[in-house]
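Asker: Provide a 3D model corresponding to the input given below.
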Amino acid sequence: MAFAATPAERQNLDELGIKMSKVIAMPGGGDPFVAFDIGEDDPTWLRLQTLLRRWGHSEGYVSTSFTKKELESARWLEVGAWHHGYPQPHDDEFGYLHATYDLTDWCESCGIGMKQKAPFQMKREPKWGRNAIMQLIWVYDELFVTPDAWIRAFKPAGVGCRPVLNTKGVELKTVVQLVVETRVGIVTNGLAFERCERCGRTKYLPVTRAHFRRFVTFRPLRSCARPSTSEAEGRPISACSCRRTSLARSTPPVSAVRCSSP
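Answerer: Numbering: from 1, shown residues only. I've put the predicted structure just below:
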């Protein structure tokens with residue numbers, strides 16, 4: 001968790017024995033920004049939780065750590081992505097929104113309703129290194145992969161792809177966007193949700209505590225162009241049962257990959 005802490009708050013944190021991973025001085029002065037991790041099984045957690053509520057700070061980002069045995073025995077895993085670069089154009093504030101999405105049904109308050117109308121733009125080819133899956137900063141509902149990763153892991157599973165352009169409209173050769181063509185029903189019983197005060201639509205919140213809910217057998221409702229996850233009301237969950245597949249680092253040009261245009 002992270003927040004701007006007053007001297008009194010920092011003293012309370014010190015008394016609890018909480019070690020800061022970061023203390024960042026704010027430009028122009030003011031209370032410094034502090035950051036730290038703490039487990040819910042920590043003896044001081046309940047006392048800290050009470051203090052956070054008194055101070056008006058949130059509990060920050062909640063995640064769950066699993067043992068190596070749990071990970072190896074799980075049938076399904078959530079696949080994290082490497083975050084790299086910003087969507088373009090970036091000259092205007094969030095200019096990529098108008099360039100990439102149809103915002104007719106978009107709610108500026110909760111983010112639901114945008115529909116992709118054009119390929120994403122990046123400044124240049126990603127510097128992949130050992131990575132093969134990435135997300136753009138600010139765009140946490142789309143996944144981008146190397147063409148080789150798409151051909152070997154995602155295409156056989158029925159996942160399509162879409163080309164990515166640079167800011168001059170030229171198709172990039174080492175990256176494609178994943179596109180899911182099938183919409184399915186989801187079981188929402190027991191999921192935490194928020195209802196937008198502006199548009200009234202419901203957004204189901206990501207599962208970050210304990211195990212993800214058991215998957216159920218389903219039949220596709222219909223085949224359709226994939227909506228953005230903003231429309232689907234949630235953070236993308238990428239599940240993979242073939243986690244031991246080794247992806248070669250070679251990245252054939254996109255010209256050899258047949259991607260569907262939006």
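Asker: Domain map for this structure?
Answerer: Under automatic domain parsing, the residue ranges defining each domain of the chain are 2-55, 77-256.
Asker: Give me the distance between the two termini of the shortest one.
Answerer: Criterion Cα to Cα, to the nearest Å; first-to-last residue distance in domain 2-55 is 13 Å.
Asker: Just the mean pLDDT for it, thanks.
Answerer: Averaged over domain 2-55, pLDDT sits at 92.
Asker: Pull the distance from it to the chain's centre.
Answerer: Put simply, domain 2-55 sits 26 Å off its chain's centre (Cα atoms, centre = their mean, to the nearest Å).
Asker: hang on, the earlier thing: out of the domains of the chain, nearest to residue 62?
Answerer: Nearest of the domains of the chain to residue 62, taken as Cβ to Cβ: domain 77-256 at 4.6 Å. For every residue, glycine as well, the C-beta is placed using N, CA and C.
Asker: chain center to the closest one: distance?
Answerer: For domain 77-256, the separation from the chain centroid amounts to 8 Å (computed by Cα atoms, centre = their mean).
Asker: that older thread, hey, least reliable of the domains of the chain by pLDDT?
Answerer: For the domains of the chain, where the average pLDDT is lowest is domain 77-256, sitting at a mean of 80.
Asker: secondary structure class for the residue nearest to residue 197 when sequence neighbours are not counted?
Answerer: In space, and not counting its chain neighbours, residue 197 is closest to residue 109: 7.2 Å by Cβ to Cβ, 6 or more residues apart in numbering. Classification of residue 109 using DSSP: H, G, I helix; E, B strand; the rest coil returns coil.
Asker: Enumerate every residue touching residue 109.
Answerer: Shown in contact with residue 109 (Cβ atoms under 8 Å, 6 or more residues apart in numbering): 196, 197, 198, 199.
Asker: Nearest to residue 101 among the residues you listed?
Answerer: Closest approach between these and residue 101, by Cβ to Cβ: residue 199, at 16.0 Å.
Asker: That closest one in helix, strand or coil?
Answerer: Three-state call for residue 199 (three-state DSSP): coil.
Asker: contacting residues for it?
Answerer: Counting by Cβ under 8 Å, 6+ apart, residue 199 has contacts 107, 109, 110, 112, 113.
Asker: Let me know whether residue 78 touches residue 211 as I believe.
Answerer: No: counting by Cβ atoms under 8 Å, residue 78 stays clear of residue 211, with 10.2 Å between them.
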